[in-house]
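**Student:** Give me the fold of what follows.
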Amino acid sequence: MYLWYNAVVMGEVIMEVKTGYLYHIMDEYFDLINDEKLMLNHEKGHSRPTYFAIKDSNILWFIPVSSKVSKYKKIVNYKVKKYGECKSIIIGRIMGKEMVILVQNAFPTLEKYIDHEHVLNGVPVNVSTSLQAEILACFKKLMHMKRHGVNLFFTDIDGIKKKILKETE
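**Tutor:** Sure thing, here's the model as predicted:
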């Protein structure tokens, strides 16, 4: 099980990013990457979307979470009917509500581009262990497929990863 906590370093609160928690990303990231296939960061003045985080060595993978369940249920049903399964979109319960996890829209980033964690009643929100396992399995499946020539990701994850890894050199 993954835990979230703040560390205090020289009087400053530092957020520790953990797999399975939800976060929001700074506008600067989207300006730097400039990829039209990334989901918009703001909608009607609110910080959106919320992202599920996967910590992978020196980078993070962020997967958008949407509340547009009816829209995506139709897509999931179509994919299941056509292919027998849907690994690119997951519908599950987060914060007591049915939500959509858009694995197909995943992208890499760095901790420095995280604006803030998503909180509910002052507590950082994490995803249930069973849903985390499903998300991680689907993400790994899509990454495996990509390595073998079938790319189901909407963004140029290789180009984005190359761009952000240059910042760590």
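
**Student:** Now the lengthiest helix in the chain: buried residues?
**Tutor:** Counting by DSSP state H, the longest helix found in the chain is helix 129-147. For helix 129-147, the buried set under the neighbour-count rule, 16 or more other Cβ atoms under 10 Å, comprises L131, Q132, E134, I135, L136, C138, F139, L142, M143. Every residue, glycine included, has its C-beta placed from N, CA and C.

**Student:** tell me the average confidence for that helix?
**Tutor:** Averaging the model's pLDDT scores along helix 129-147 yields 96.

**Student:** what packs against that helix?
**Tutor:** strand 50-56, strand 59-66, strand 90-94 (3 or more Cβ pairs under 8 Å, 6 or more residues apart in numbering; DSSP states H and E).

**Student:** which residues does P64 contact?
**Tutor:** Counting by Cβ atoms under 8 Å, 6 or more residues apart in numbering, P64 makes contact with M39, P49, T50, Y51, F52, I101, L102, N105, A106.

**Student:** Was I right to think the first one contacts F62?
**Tutor:** No - the criterion here is Cβ atoms under 8 Å, and M39 misses it with F62 at 10.0 Å.

**Student:** Which one's more surrounded, these two?
**Tutor:** F62 (27 against 18; other Cβ atoms under 10 Å).
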